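[1] For reference, the sequence and a predicted model appear below.
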Amino acid sequence: MTDFLRLAADIAREAGDMLLAKRTARPEAIETKSSRTDVVTALDRASEELIRQRVRAERPHDAFLGEEEGETAGAETGEGRVRWIVDPIDGTVNFMYGLPDWAVSIAVEVDGEVVAGVVNVPPRGELYAAAKGGGAELLREGVAAERLRCTAGVPLAEALIATGFGYLPERRAVQAEVLTRVLPVVRDIRRGGSCAVDLCSVAAGRVDGYYERGPQIWDFAAGGLIAVEAGARIGGLNGRPQSRKLTLCAAPGLFQDLHDLLVPLNPERDL
């Protein structure tokens, strides 16, 4: 796992440096995906291709799942089936607009279990990293590594909760409805624009919890491990795992309180 983590961190740094160097004042979207607001830029694809090439050079038999180009099958080795799960820019709209909360997210999965995760947030000079069973750290250049722990013992009424919104109008309408029921009973809401960064913010205690309908596996694979290794719980509703239906993350006590608030609001629906 240490080798996986080291390689993932090196590649995430290289991709982040490339993106910072090549980003123009307003990178243009080259196409949209699920809706007119769901954009992809040329640098999304350049970042993913760089990551694919670096992984392939070091580990040619591994599988690869990227947000932009999909999945490449690998071969099972003595280590088991290894798959790299990559979001080349999580928070593309932030990236386009020059906002700082976007990230390169790389997770390594062995036989279906995420064992290493890295989230590089280049504009902030922050790299979050975790190996399964090894804890989570925040790394900054020239600064000693910071061991991460999520907040604990925070009641729902005093919790700062991060969330996000989907791209389809009918989904946003339901998310706005749910938000009007959540906002009055928590300290406040934050909408950062990157699932990976939000999960790392839970790990670092910058927010107390997070929920969102819509994140894909490449959004939460690395950040979810980082949050769990910092003491948080991640999952879906009613005992289901985290998924695009709903992803919820917080310290165990707050997780349950936020879960119980959300369940009767039926946040997994669209109009």
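    Looks like it arrived, so ask away.
[2] C-alpha only now, for contacts and for neighbours.
    Fine.
[3] excluding its backbone neighbours, what's nearest the most centrally placed residue in the chain?
    Computing the C-alpha centroid of the chain and ranking residues by C-alpha atoms, centre = their mean puts A196 first, at 2.0 Å. Excluding the flanking residues, the one nearest A196 by C-alpha to C-alpha, 6 or more residues apart in numbering is G223, at 4.9 Å.
[4] ok, residues contacting the one helix or strand that neighbour maps to?
    G223 belongs to helix 217-229 when elements are defined using DSSP states H and E. Contacts with helix 217-229, where a contact means C-alpha atoms under 8 Å, 6 or more residues apart in numbering, come from 65-67, 85-87, 90, 105-108, 114-119, 128-136, 150, 195-197, 199-200, 202-203, 233-234, 243-244, 249.
[5] now the residues you listed: which count as buried?
    65-67, 85-87, 90, 105-108, 114-119, 128-132, 135-136, 150, 195-197, 199-200, 202-203, 233-234, 243-244, 249 (16 or more other C-alpha atoms under 10 Å).
[6] Okay, and which of the residues you listed map to strands?
    Taking DSSP state E, the ones among the buried ones among the contacts of helix 217-229 that sit in strands are 65-66, 85-87, 90, 105-108, 114-119, 128-131, 136, 233-234, 249.
[7] Where in this structure is the helix or strand with the lowest mean pLDDT?
    Ranked by mean pLDDT, DSSP states H and E, the helix or strand of the chain with the weakest confidence is strand 29-32, at a mean of 79.
[8] From the contact counts, what lies against the helix or strand following that strand?
    Toward the C-terminus, strand 29-32 is succeeded by strand 39-41 as the next helix or strand (DSSP H and E). Counting contacts by 3 or more C-alpha pairs under 8 Å, 6 or more residues apart in numbering; DSSP states H and E, strand 39-41 packs against strand 29-32, helix 92-97.
[9] Which stretches in the stretch 151-271 of the chain count as helices?
    For the stretch 151-271 of the chain, the helices defined by DSSP state H, counting those that start in this stretch cover 169-182, 195-204, 217-229, 252-262.
[10] if we can go back for a sec, pull the helix holding G223 out as CSV, backbone CA atoms only.
    Extracted C-alpha coordinates of helix 217-229, given in CSV (Å, rounded to 0.1, in the frame of the first residue of the first chain):
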residue,chain,number,x,y,z
ILE,A,217,-17.0,6.5,-7.7
TRP,A,218,-14.2,8.6,-9.1
ASP,A,219,-15.5,11.5,-7.0
PHE,A,220,-15.5,9.8,-3.7
ALA,A,221,-13.1,6.8,-3.9
ALA,A,222,-9.9,8.6,-2.7
GLY,A,223,-11.6,11.3,-0.6
GLY,A,224,-13.8,8.7,1.1
LEU,A,225,-10.8,6.6,2.2
ILE,A,226,-9.1,9.8,3.5
ALA,A,227,-12.1,10.7,5.5
VAL,A,228,-12.5,7.2,7.0
GLU,A,229,-8.9,7.0,7.9
